[in-house]
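Student: Give me a model of this one.
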Amino acid sequence: MVLFLFSIINFVENEFTHLGSVALSYSNGSHNSEITGNLFDDNSASAIVIGDWTLEKTDTLEKYPQNINITNNLLKRQSVEYKTPVVSVYQTQNVIIDHNDISDSPCSAISCGWGWGR
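Tutor: Down below sits the predicted model:
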């Protein structure tokens with residue numbers, strides 16, 4: 001599921017299982033949201049992706065994902081086909097990743113803060 005340019009969309013106590021790509025992606029321009037108490041199990045790529053690597057150094061702050069909390073989730077058997085980080089956070093402002101249980105990952109658990117910055 002990919003969400004673009006939104007504010008205040010929360011995912012609380014859901015199950016994201018057996019999906020063929022990224023389970024949940026908050027794209028650039030996403031603001032003021034929570035991903036809390038969810039189960040992510042046996043998905044082909046990352047469980048959670050915040051932003052992307054395409055932002056330019058000259059882009060305005062509004063384009064950066066901001067004020068997103070990722071807390072108390074269970075993330076197991078992610079990236080079973082595409083070998084991506086379980087949680088990828090690109091260029092963002094005020095993202096909190098706290099008290100998540102990540103297990104059985106073939107790649108990095110959490111990758112934060114990078115982009116090409118052309």
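Student: just for this protein, where's the confidence low?
Tutor: 116-118 (pLDDT under 70).
Student: Which stretches in it count as helices?
Tutor: Along the chain, no segments are classed as helices by DSSP state H.
Student: how close does residue 77 get to residue 101?
Tutor: 12 Å (C-beta to C-beta, to the nearest Å). Yep, even glycine has a C-beta here, placed from its N, CA and C like the rest.
Student: more crowded one of these two?
Tutor: residue 77 (17 against 9; other C-beta atoms under 10 Å).
Student: So that one sits against residue 104, correct?
Tutor: Yes: between residue 77 and residue 104 there is a contact at 4.7 Å, judged by C-beta atoms under 8 Å.
Student: what's across from the nearest residue to residue 95 once chain neighbours are set aside in the sheet?
Tutor: The shortest distance from residue 95 to any non-neighbouring residue, by C-beta to C-beta, 6 or more residues apart in numbering, is to residue 68 (4.9 Å). When assigned by DSSP bridges, residue 68 has beta-bridge partners residue 33, residue 95.
Student: check contacts around residue 68.
Tutor: With contacts defined as C-beta atoms under 8 Å, 6 or more residues apart in numbering, residue 68 is in contact with 26, 30-35, 50, 92, 94-96.
Student: Please identify which of these is nearest to residue 113.
Tutor: Proximity of the contacts of residue 68 to residue 113 (C-beta to C-beta) peaks at residue 92, which lies at 7.6 Å.
Student: isn't the closest one right up against residue 63?
Tutor: No: the criterion here is C-beta under 8 Å, and residue 92 misses it with residue 63 at 10.6 Å.
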